[in-house]
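**Q** Return a 3D structure for these sequence lines:
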Amino acid sequence: MDRKYRVPYGASLQPDSGLNNEHTQELRDLEPTQGAVEQGFRKHRLLLIAVGCLIVVTGLLVHATTAGIVSDFVGDALYAVLVYLVLSVIFVRRPSWQVAAAAIVLCLAIEVFQLTGVPAGLAELVPPARYLFGTTFHALDLVAYVVGVLTAIAVSTWQQRD
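**A** The predicted model follows:
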């Protein structure tokens with residue numbers, strides 16, 4: 001009894017797709033390898049770090065060149081963008097909306113933490129802590145944080161579509 005199709009011992013019993021080996025290999029070549037995916041994440045992290053450095057410089061320039069409520073609002077919005085970028089570097093595999101939600105919650109938590117007076121005391125002991133935790137609560141800062149993160153996610157989403 002002669003069989004038309006023989007399956008070698010240990011071979012897959014999956015039905016044949018109808019593609020010959022050349023086409024199957026071409027399809028496998030199109031799939032990204034784990035190394036390529038990791039390299040893509042590494043490049044994305046480096047880009048986020050570079051943008052974060054630009055945000056820090058921009059925030060310092062705004063702080064040095066302007067004053068009043070506009071300076072405070074823009075500075076707080078840039079702070080929220082920086083928090084979003086730092087979380088994006090850490091959680092590079094998470095969707096943007098999850099990172100944005102975490103950034104908003106973290107910014108709001110830090111602002112509410114200022115009501116305890118602990119950040120002000122910490123800023124007296126370690127002056128650079130003032131830039132990380134702030135010193136006094138302002139309700140308008142809460143709005144600035146949300147605006148900053150929403151702007152960051154809008155730019156991030158827009159950039160991904162290109």
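**Q** Which strands or helices does the lengthiest helix in the chain pack on?
**A** Ranked by residue count, the top helix of the chain under DSSP state H comes out as helix 34-65. Identification of packing neighbours for helix 34-65 by 3 or more CB pairs under 8 Å, 6 or more residues apart in numbering; DSSP states H and E yields helix 69-90. (Each C-beta comes from the backbone N, C-alpha and C, glycine too.)
**Q** Which secondary structure elements does the helix or strand that the helix it packs on is followed by sit against?
**A** Counting by DSSP states H and E, the next helix or strand C-terminal to helix 69-90 is helix 96-113. Of the remaining helices and strands, those touching helix 96-113 by 3+ CB pairs under 8 Å, 6+ apart are helix 69-90, helix 139-161.
**Q** Nearest residue to the middle of the protein?
**A** Closest to where the C-alpha atoms of the chain average out (CA atoms, centre = their mean) is residue 88, at 1.9 Å.
**Q** show me the residues around that one that make contact.
**A** 48, 96, 99, 156 (CB atoms under 8 Å, 6 or more residues apart in numbering).
**Q** If you rank those residues by neighbours, which is first?
**A** Neighbours here mean other CB atoms under 10 Å. Within these, the largest count is held by residue 99, at 24 neighbours.
**Q** per-residue confidence at it?
**A** You'll see residue 99 listed with a pLDDT of 94.
**Q** My guess is it contacts residue 87. True?
**A** Yes. Counting by CB atoms under 8 Å, residue 99 does reach residue 87; the two are 5.0 Å apart.
**Q** how far away is the closest residue to residue 143 other than its chain neighbours from residue 42?
**A** Take residue 143 and drop its neighbours on the chain: the residue closest to it by CB to CB, 6 or more residues apart in numbering is residue 73, 7.9 Å away. As judged by CB to CB, to the nearest Å, residue 73 and residue 42 stand 35 Å apart.
**Q** Appreciated, that's everything.
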